[in-house]
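Enquirer: task: produce atomic coordinates for the following.
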Amino acid sequence: MPVIQLPGTPDLLGLHAANPLRYPYLLQTLGCSGWDILFAFPAQSQIFPSDTTGQEQAFFPILDEEWAKAACLPEQGVAKLPFHGGWFVYLGYELLHQLESSVAPKLQVSKFPLAALVRIPAAIMVDHAEGQTYLFAEEAHSHLLEDLRTDLSDVTEYEDSPVRVEELEEEDEQIFLQGVAKIKRYILEGDVFQVNLARQWQARIEHQGSAVGVYARLRESNPAPFAGIADFGSHQIISSSPERLARVRGGVIETRPIAGTHPRALLAEEDELLRRQLIASPKERAEHIMLVDLERNDLGRVCEPGSVEVSELMTVCSYAHVHHIESSVRGRLRENTAPSEVMRALFPGGTITGCPKIRTMQIISELEPSPRYAYTGSMGYLNLDGSMDLNILIRSFMLEGNALTFKAGAGIVADSDPLRELAETRAKAKGLLRALGAAQ
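Expert: Numbers count the residues shown, from 1 in each chain. As a prediction, the model looks like this:
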């Protein structure tokens with residue numbers, strides 16, 4: 001069995017920081033029990049560049065080709081592990097143009113990757129619930145196990161260093177407010193019911209190569225269950241996301257939509273009042289139910305008839321800076337459903353586009369002045385047996401050299417208060433700003 005089990009729960013960030021070429025991708029569950037996964041020894045990296053002409057290389061046909069060549073059942077003894085050989089996957093938001101041609105491409109001159117599909121034969125995984133660490137390698141790569149053990153024993157814990165911001169610029173609020181007004185007109189005219197509109201912050205940090213330092217600060221200021229860092233060499237994604245796009249395990253697919261947000265308060269009594277107000281709000285409840293129905297429809301495209309169900313409805317989950325309303329929708333996948341079919345059905349997530357999805361994506365392209373790139377895209381992993389886990393990239397930085405970009409959005413409906421929606425974007429950005437030392 002190509003697995004070594006060790007006691008303890010080491011922080012894998014130090015190993016990523018020490019050797020990002022060997023260990024380029026780290027996914028972590030922060031603030032709760034779960035798994036950390038450090039992906040090791042990338043065997044084949046396919047990085048899909050953004051193309052301002054809209055003629056970028058097609059991602060999904062290549063995924064289908066790779067899947068057809070490598071798909072297999074997991075080796076005996078590794079089924080309990082979340083990752084047991086496969087690919088690290090990144091999907092940029094603008095990949096939607098390969099799924100829906102009616103949405104006009106909106107790409108600027110940038111080298112930020114559009115997508116990535118990286119073959120991964122080995123990993124280090126930490127099970128926080130059981131207090132155990134697992135070193136894994138596919139049978140054909142079992143010689144890597146001793147390298148993993150040696151690296152893990154030699155590495156020192158990552159020592160945090162200050163992140164110094166030289167410049168920080170928030171997008172003109174009037175762009176957002178005018179966009180809200182335009183969306184409300186579209187809603188009045190019957191075009192859409194809800195649109196998620198985002199706005200951008202840009203910063204310059206003092207030193208290049210500070211991705212690990214930024215991530216260390218972000219996971220401290222904004223812990224979340226679907227966090228991670230992906231290093232593509234000249235570009236990095238740094239995320240602490242609370243939202244799951246899709247998990248497939250044992251033939252069951254689950255998505256966990258978030259819709260409904262309220263800032264938190266410092267005092268416990270006031271904070272509890274805000275939590276109750278959020279879940280009692282007719283506006284927030286109606287918006288949430290609408291998006292749950294959208295996700296049910298998306299799952300219905302790849303699930304057995306009658307199997308889609310809402311397994312958890314409108315739970316309030318509290319994070320460092322905001323309360324969110326969350327639900328869980330699941331169903332049984334149709335037999336022989338390919339991973340690309342799952343991604344095509346759900347991507348991009350309905351909670352970060354709106355309802356109906358295609359028209360809202362067209363409006364987003366019209367109103368947002370810059371591409372989203374990684375923001376509201378997805379990253380995670382795909383196993384050789386078709387199981388997968390993908391997040392939605394919110395609460396996330398994009399780093400190129402020393403230029404740092406991030407976005408935050410709000411769901412706009414017919415009775416939205418523009419200033420309140422503006423405040424919501426700032427509440428969602430608070431954890432990222434605090435990671436940069438720019439928020440109280």
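Enquirer: where does the stretch 301-440 of the chain have low pLDDT?
Expert: 439-440 (pLDDT under 70).
Enquirer: strands of that one, start to end?
Expert: 309-318, 322-332, 354-355, 378-383, 388-391, 396-400, 403-412 (DSSP state E, counting those that start in this stretch).
Enquirer: repeat that for the stretch 101-250 of the chain.
Expert: 113-120, 122-127, 132-137, 165-170, 194-205, 226-231, 235-241, 244-249.
Enquirer: for the strands of the stretch 301-440 of the chain, please prepare JSON lines with the additional fields mean neighbour count and distance to Leu294.
Expert: Bear in mind the C-beta positions are built from the backbone N, C-alpha and C, glycine included. Listed next are the strands of the stretch 301-440 of the chain as JSON lines, based on neighbours: other C-beta atoms under 10 Å; distance: least, C-beta to C-beta, whole Å:
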{"stretch": "strand 309-318", "mean neighbour count": "14", "distance to Leu294": "12"}
{"stretch": "strand 322-332", "mean neighbour count": "22", "distance to Leu294": "10"}
{"stretch": "strand 354-355", "mean neighbour count": "24", "distance to Leu294": "5"}
{"stretch": "strand 378-383", "mean neighbour count": "26", "distance to Leu294": "17"}
{"stretch": "strand 388-391", "mean neighbour count": "25", "distance to Leu294": "17"}
{"stretch": "strand 396-400", "mean neighbour count": "24", "distance to Leu294": "22"}
{"stretch": "strand 403-412", "mean neighbour count": "24", "distance to Leu294": "12"}
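Enquirer: what's the closest of those strands to Phe232?
Expert: Proximity to Phe232 (C-beta to C-beta) singles out strand 396-400 among those, at 9.9 Å.
Enquirer: off-centre distance for that closest one?
Expert: Averaging C-alpha positions (C-alpha atoms, centre = their mean, to the nearest Å) puts strand 396-400 13 Å from its chain's average.
Enquirer: that one pairs with which strands?
Expert: strand 235-241 (antiparallel), strand 403-412 (antiparallel) (DSSP bridges).
Enquirer: phi first, then psi, for Arg372.
Expert: Backbone torsions of Arg372, given as degrees, to the nearest 10, read phi -90, psi -30.
Enquirer: in contact with it, which residues?
Expert: Residues in contact with Arg372 (C-beta atoms under 8 Å, 6 or more residues apart in numbering) are 92-94, 198, 407.
Enquirer: can you tell which of the strands of the stretch 301-440 of the chain is closest to Asp64?
Expert: Nearest to Asp64, of all the strands of the stretch 301-440 of the chain, is strand 378-383, at 12.0 Å by C-beta to C-beta.
Enquirer: now the closest one against strand 122-127, angle please.
Expert: 110 degrees (axes from the mean of the first three to the mean of the last three C-alpha atoms, to 10 degrees).
Enquirer: what strands flank strand 378-383, and is each parallel or antiparallel?
Expert: strand 86-91 (antiparallel), strand 388-391 (antiparallel).
Enquirer: so what's the gap between that strand and the chain middle?
Expert: Counting by C-alpha atoms, centre = their mean, strand 378-383 comes out at 10 Å from the chain centroid.
Enquirer: what angle separates it from strand 113-120?
Expert: Going by the same axes, to 10 degrees, strand 378-383 makes 30 degrees with strand 113-120.
Enquirer: angle of strand 378-383 against strand 244-249?
Expert: Going by the same axes, to 10 degrees, strand 378-383 makes 10 degrees with strand 244-249.
Enquirer: residues contacting strand 378-383, please?
Expert: 25, 27, 37, 39, 74, 82-91, 120, 226, 228, 230, 237, 239, 245, 339, 347-349, 388-393.
Enquirer: tell me the pLDDT of the nearest residue to Glu368 once chain neighbours are set aside.
Expert: Closest residue in space to Glu368, ignoring its immediate chain neighbours: Ala198 at 6.0 Å, by C-beta to C-beta, 6 or more residues apart in numbering. On pLDDT, Ala198 comes in at 98.
Enquirer: close enough to count as contact, Ala198 and Thr376?
Expert: Yes. With contact defined as C-beta atoms under 8 Å, Ala198 reaches Thr376; the gap is 7.3 Å.
Enquirer: list residues touching both of these two?
Expert: Joint contacts of Ala198 and Thr376 (C-beta under 8 Å, 6+ apart) are 407, 409.
Enquirer: quick one, which of these two is more surrounded?
Expert: A direct count of neighbours by other C-beta atoms under 10 Å for Ala198 and Thr376 places Thr376 higher, at 27 against 24.
Enquirer: how close does that one get to Phe136?
Expert: 31 Å (C-beta to C-beta, to the nearest Å).
Enquirer: kindly report the same for Ala286.
Expert: For Ala286 relative to Phe136 (C-beta to C-beta), the value is 45 Å.
Enquirer: tell me which of these two has more neighbours.
Expert: Legend: neighbour count by other C-beta under 10 Å for Ala286 and Phe136, higher for Phe136 (28 against 16).
Enquirer: residues in contact with the more buried one?
Expert: 2-3, 78, 81, 83-85, 122-125, 145.
Enquirer: what do you get if the cut-off is 6 Å, keeping everything else the same?
Expert: Shown in contact with Phe136 (C-beta atoms under 6 Å, 6 or more residues apart in numbering): 3, 123.
Enquirer: for it, list each beta-bridge partner.
Expert: On the basis of DSSP bridges, Phe136 is bridged to Val3, Ala123.
Enquirer: ok, Tyr25 next?
Expert: Phe39, Ala230.
Enquirer: re the thing from before, do I have it right that the residue nearest to Glu368 meets Ala410?
Expert: No. Using C-beta atoms under 6 Å, Ala198 is not in contact with Ala410; the gap is 8.1 Å.
Enquirer: so who does the residue nearest to Glu309 when sequence neighbours are not counted touch?
Expert: Nearest non-adjacent residue to Glu309, counting by C-beta to C-beta, 6+ apart: Arg330, 6.3 Å away. Neighbouring residues of Arg330 by C-beta under 6 Å, 6+ apart: 252, 254, 311.
Enquirer: the last one is in contact with Val329, isn't it?
Expert: Going back to what we said before, that points to Ser311. No. Counting by C-beta under 6 Å, Ser311 stays clear of Val329, with 7.1 Å between them.
Enquirer: now do the contacts for Ala224.
Expert: 30, 240-242.
Enquirer: equivalent analysis for Ala374, please.
Expert: Ala374 neighbours (C-beta under 6 Å, 6+ apart): 92, 237, 393, 398.
Enquirer: one more pass at 7 Å, please.
Expert: 92, 237, 393, 396, 398 (C-beta atoms under 7 Å, 6 or more residues apart in numbering).
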